[in-house]
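In: Predicted model and sequence follow; I will ask about them next.
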Amino acid sequence: LEGTGVDLVVAPALTDVAGPRIHTRPVAGLPLIHVEAPEFRGTRKLVKGLVDRSTALVALTLLLPILAVIALAIRLDSRGPVLFRQTRVGRGGGEFGVWKFRTMVVNADALLTELTARNETDGLMFKMRDDPRVTRVGRLLRKWSLDELPQLVNVLLGQMSLVGPRPPLPSEVARYDGDVARRLLVKPGMTGLWQVSGRSDLSWEDGIRLDLYYVENWSLAADLTILWKTFGAVVNGRGAY
């Protein structure tokens, strides 16, 4: 290739490893690739936690009028509480209550058994594009992901992060096998690669692959990129139902 102006690039047989974890290291005259271990603790994790909590506190303060309007709309639209608390699994397998604005009728869990056969996903989650349990206001909240704003309280309490894997249900975790359980090595997030890559339009395996990639390769810079892309995904509304 000399004199042709063509660059020579050698591709290693590595997949799902982000660039910042890969370094070239000469050993005995050979240029070898060094892959750093994933980081699940340390200074960067501490900084991430501080950024999460401070951002959540500021966001809750600024969004208080909007939260009040949403709460009033839910109260006027259908019978039942404004907030919905559901048990999810966090880092290390510990359970916590995740908060959301209620988007379904009060007996939604009881009606789920009647709709199981109409599940539109291929994994452990239940997703249905025209779920009859969703209220009128609930459809709007889901379309713009406004139902998840109360999760800022979970972030403030240190139970969740702004960016991370989707918080799974205990019934999902009970059926985890192999590497899927590695999703529990970090805090679940309000948003993540799964949310900015198609949300409910993704298959179960694609969603898990994206979550695991984040767990193995997270960085503060990547978190900022995902947060920025989240705005675009919310405005687009693709995969939200």
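Out: Perfect, thanks for sending it. Quick caveat: nothing in here was measured; it's all calculated off a predicted structure. Numbering: from 1, shown residues only.
In: worst-scoring helix or strand of this structure, pLDDT-wise?
Out: Least confident helix or strand of the chain, by mean pLDDT, DSSP states H and E, is helix 108-115 with a mean of 67.
In: report the longest helix in the chain, please.
Out: Selection of the longest helix in the chain by residue count, based on DSSP state H, yields helix 43-77.
In: so how far is that helix off the chain centroid?
Out: 16 Å (C-alpha atoms, centre = their mean, to the nearest Å).
In: Over to stretch 85-95?
Out: Distance, stretch centre to chain centre, for stretch 85-95: 14 Å (C-alpha atoms, centre = their mean).
In: Please point out which parts of that stretch sit buried.
Out: Under the neighbour-count criterion of 16 or more other C-beta atoms under 10 Å, stretch 85-95 has R88, V89, G90, R91 buried. C-beta: built from backbone N, CA, C; applies to glycine.
In: what does stretch 180-187 give?
Out: Buried residues in stretch 180-187 (16+ other C-beta under 10 Å): V180, R182, R183, L184, V186, K187.
In: what's the answer for stretch 40-55, then?
Out: Residues K45, K48, V51, D52, R53 are the ones in stretch 40-55 that count as buried (16+ other C-beta under 10 Å).
In: contacts for that stretch?
Out: Outside stretch 40-55, the residues within contact range by C-beta atoms under 8 Å, 6 or more residues apart in numbering are E39, V155, L156, G158, M160, S161, L162, L185, V186, S219, L220, D223.
In: With stretch 20-35 instead?
Out: By C-beta under 8 Å, 6+ apart, the list of residues contacting stretch 20-35 reads P12, L14, V17, E36, P38, N217, S219.
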